[in-house]
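[1] sequence first, predicted coordinates after that:
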Amino acid sequence: MIWLIRSLASNACLHRIVPIFSSRSVAMHTINVDSLPNIASCDVSNNPTDVLRNIIAQRFSKISSVPLETVYPAVDIPKNPENGDLCVTIPRLKLKGNPAQLCKDFVEKFEADEVVASASAAGIFMNFRFNQAVLCNFVLPFILSKGSAYGTNTSGNSKLRIVEYSSPNIAKPFHAGHLRGTLIGNFIKNALQANGYVAKSFNYLGDWGKQYGLLAIGFGMYGNEEKLEEDPIRHLYEIYVKINTAAETDEDLHSQARAYFKRMEDGDEEALVRWRKFRELSIASLATTYEKLNVHFDVYSGESQVPNEKIQLATSKLYEMGLVEDDQNAKLINLEKYKLGKLIIQTRDGTQLYLTRDLGEAIRRWEANEYEEHLYVVGSEQDLHFRQLFKLLELCGYEWSKKLRHISHGKIAGMSSRKGKAIFLDDLLETAQSKMLDLMKANEAKYEQVQSPEETALQIGMSAIVVQDMSAQRVKNYTFDWDRMLSFEGDTGPYLQYAHARLCSIERNADLGTMPPAIETVDLSLLKEPVAQSIVQCLAQWPDIVRGLIGPYEPVAVVTYMFRLCRLISSSYDELRVKGREEELRKARATLYWAAKTVLANGLKMIGLRPLERM
């Protein structure tokens with residue numbers, strides 16, 4: 001008999017133990033989750049590793065006389081999985097005596113049983129290994145019961161966190177910097193939702209300022225309505241380049257642009273009509289591009305949408321707090337004592353700069369949302385700007401400024417064309433799709449089995465781009481490399497998608513009908529091979545990975561985990577063959593692979609990718 005937690009209701013906190021019987025299961029001690037003591041931060045409803053931690057904490061507490069609440073935080077996953085399933089880090093307990101000797105003493109006191117098979121000392125770490133049959137019979141049914149929800153939790157308690165990301169300028173191409181912020185921001189939104197938060201995504205467009213006056217003048221000189229309707233962002237960028245080139249030698253164009261933008265600020269309807277069209281067509285075009293990236297926003301905001309009364313409120317606060325100084329008719333704020341330099345908020349001609357607009361938008365968002373945290377996902381080149389913004393809000397007396405956080409990221413090198421011109425994201429995706437399509441066609445037999453080869457090629461290409469971006473810490477710069485990222489070997493996006501597709505193929509060829517098999521018909525004790533235990537051990541850790549995303553917001557944690565899981569799976573195929581084996585063994589192994597496929601799919605979705613079933 002094995003035991004499995006089932007939720008009584010989707011939003012309920014209570015759980016019960018449901019026995020699942022198998023006439024072929026070996027007799028063994030069970031993990032009765034209902035009997036475990038309550039420990040803070042131990043989520044037995046969603047995390048099998050927390051259940052195992054709880055068991056180890058109890059066992060260690062008995063042999064050491066250290067309180068359970070002190071032991072539990074010291075129970076962790078060994079860095080080297082060969083050392084064991086879990087370990088206790090002795091120095092974290094702050095006991096008197098030599099930690100390594102204490103570890104040896106505790107190991108001598110330990111007695112194995114049907115659940116915890118062994119304990120060993122490795123310096124200051126006391127390592128534990130569970131009975132393989134018990135582990136399989138607990139972890140795999142746990143995953144099957146959760147399915148696509150496996151790894152998620154409710155720790156966020158439905159608290160609101162806002163994530164602002166992407167934020168392109170509507171008259172410029174969606175370049176590499178915006179791409180990276182978009183991918184990371186989308187990941188953060190997914191991570192928050194997986195941890196039980198309400199995540200509200202904002203796209204704060206660069207859609208206001210003198211440059212739009214210049215763009216309007218340029219459209220009058222170079223614009224074409226048909227081209228604007230067909231591809232607004234590309235056509236507006238062409239005009240942007242032409243008018244800026246012309247303005248380099250014609251100062252009068254700048255004067256015209258300032259005058260046009262002044263009309264926009266004053267609410268001149270004739271001036272605003274064209275700008276609105278630029279904005280609306282650009283947003284529609286961007287939405288199509290975002291759909292390819294599997295990215296969706298709750299709110300399309302922008303500099304133009306900040307109410308004047310909020311800008312005036314922010315400006316009044318700055319004056320009220322005595323922060324504004326006059327400098328030859330320009331207005332500036334001196335933050336040098338905070339090592340944040342001086343910043344101009346109003347030019348000599350009376351034009352207010354975008355910082356006051358950002359202050360007004362921050363005030364508006366807090367009044368409308370009252371969030372627990374607000375994250376700005378923007379490149380590291382804006383570090384100073386956000387430090388200044390947050391400091392000014394603090395100096396103005398807004399306590400909620402402590403809830404604001406800049407999630408910085410590095411740059412991508414190697415994405416400019418040979419002439420140094422910006423590359424459009426759509427062009428980048430088309431190139432990735434074309435390259436993947438060529439690679440797919442090299443295997444004619446498999447290519448013919450793919451129902452939508454062009455869509456599949458696009459998704460593989462997207463996987464290549466996303467995984468290359470997320471294979472290092474987000475604050476680091478990296479070099480864009482077509483050859484490396486499109487490879488099906490090594491740590492790449494195509495490799496992860498191929499691993500998922502192969503697991504789907506194993507499932508199709510298992511000849512078992514509906515997958516996964518009904519768990520009560522599966523004898524999981526047949527999974528005796530060490531590689532099977534390693535896979536189960538890795539699968540049990542996925543909820544830990546998800547929970548650890550909040551705070552660091554590092555997508556590399558997910559990518560690294562998926563590569564580790566895929567390497568284990570790849571190493572198991574010869575030893576854990578499914579097709580052609582007798583039915584009982586096929587069921588056990590197919591169940592293991594189904595669980596692995598589910599966890600891998602959950603990881604791919606976390607970083608914004610659509611798992612592929614054929615490729």
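    Now that the structure is in, tell me what you want to look at.
[2] show me the helices in the stretch 251-400 of the chain, by range?
    In chain order, the stretch 251-400 of the chain shows helices spanning 251-265, 269-292, 308-320, 354-369, 383-395, with DSSP state H, counting those that start in this stretch as the criterion.
[3] show me the helices in the stretch 51-200 of the chain, by range?
    Taking DSSP H, counting those that start in this stretch as the criterion, the stretch 51-200 of the chain carries its helices at 68-71, 99-109, 132-146, 176-194.
[4] export the ones you listed to a markdown table and tack on distance to residue 460?
    No exception for glycine: its C-beta is placed from N, CA and C like everyone else's. A markdown table is the format used below for the helices of the stretch 51-200 of the chain (distance: least, CB to CB, whole Å):
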| stretch | distance to residue 460 |
| --- | --- |
| helix 68-71 | 46 |
| helix 99-109 | 48 |
| helix 132-146 | 26 |
| helix 176-194 | 16 |
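[5] alpha carbons only: can I get stretch 558-567 in CSV?
    Taking Å, rounded to 0.1, in the frame of the first residue of the first chain, the C-alpha atoms of stretch 558-567 are listed here in CSV:
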residue,chain,number,x,y,z
VAL,A,558,15.3,26.7,-14.2
VAL,A,559,17.5,26.2,-17.3
THR,A,560,20.3,24.6,-15.3
TYR,A,561,17.8,22.2,-13.6
MET,A,562,16.3,21.2,-17.0
PHE,A,563,19.7,20.4,-18.4
ARG,A,564,20.5,18.3,-15.4
LEU,A,565,17.2,16.4,-15.7
CYS,A,566,17.6,15.9,-19.5
ARG,A,567,21.2,14.6,-19.1
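[6] how far is it from where the chain is centred?
    Distance of stretch 558-567 from its chain centroid, counting by CA atoms, centre = their mean, to the nearest Å, is 15 Å.
[7] how about that stretch: buried residues?
    558-559, 561-563, 565-566 (16 or more other CB atoms under 10 Å).
[8] so the most centrally placed residue in the chain versus residue 325, what's the distance?
    What sits nearest the mean C-alpha location of the chain, by CA atoms, centre = their mean, is residue 187, with 2.3 Å. According to CB to CB, to the nearest Å, residue 187 and residue 325 sit 41 Å apart.
[9] likewise residue 156?
    43 Å.
[10] and if you look at residue 45?
    Between residue 45 and residue 325 the distance, using CB to CB, works out to 57 Å.
[11] who's more crowded, these two?
    Summary of the neighbour comparison: residue 45 and residue 325, criterion other CB atoms under 10 Å, with residue 45 having more neighbours (18 against 11).
[12] ok, back up a step: so of the buried residues of stretch 558-567, which ones are in helices?
    When DSSP state H is applied, the buried residues of stretch 558-567 are split such that 558-559, 561-563, 565-566 fall in helices.
[13] make JSON lines out of those residues and add pLDDT and distance to residue 607.
    Putting these into JSON lines (pLDDT from 0 to 100; distance: CB to CB, whole Å) gives the following:
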{"residue": "558", "pLDDT": "98", "distance to residue 607": "6"}
{"residue": "559", "pLDDT": "98", "distance to residue 607": "7"}
{"residue": "561", "pLDDT": "98", "distance to residue 607": "11"}
{"residue": "562", "pLDDT": "98", "distance to residue 607": "8"}
{"residue": "563", "pLDDT": "98", "distance to residue 607": "12"}
{"residue": "565", "pLDDT": "98", "distance to residue 607": "14"}
{"residue": "566", "pLDDT": "98", "distance to residue 607": "14"}
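[14] from those residues, which is closest to residue 65?
    The closest of these to residue 65 turns out to be residue 561 (CB to CB; 35.8 Å).
[15] residues touching the closest one, list them.
    Neighbour list for residue 561: 538, 541-542, 545, 603 [criterion: CB atoms under 8 Å, 6 or more residues apart in numbering].
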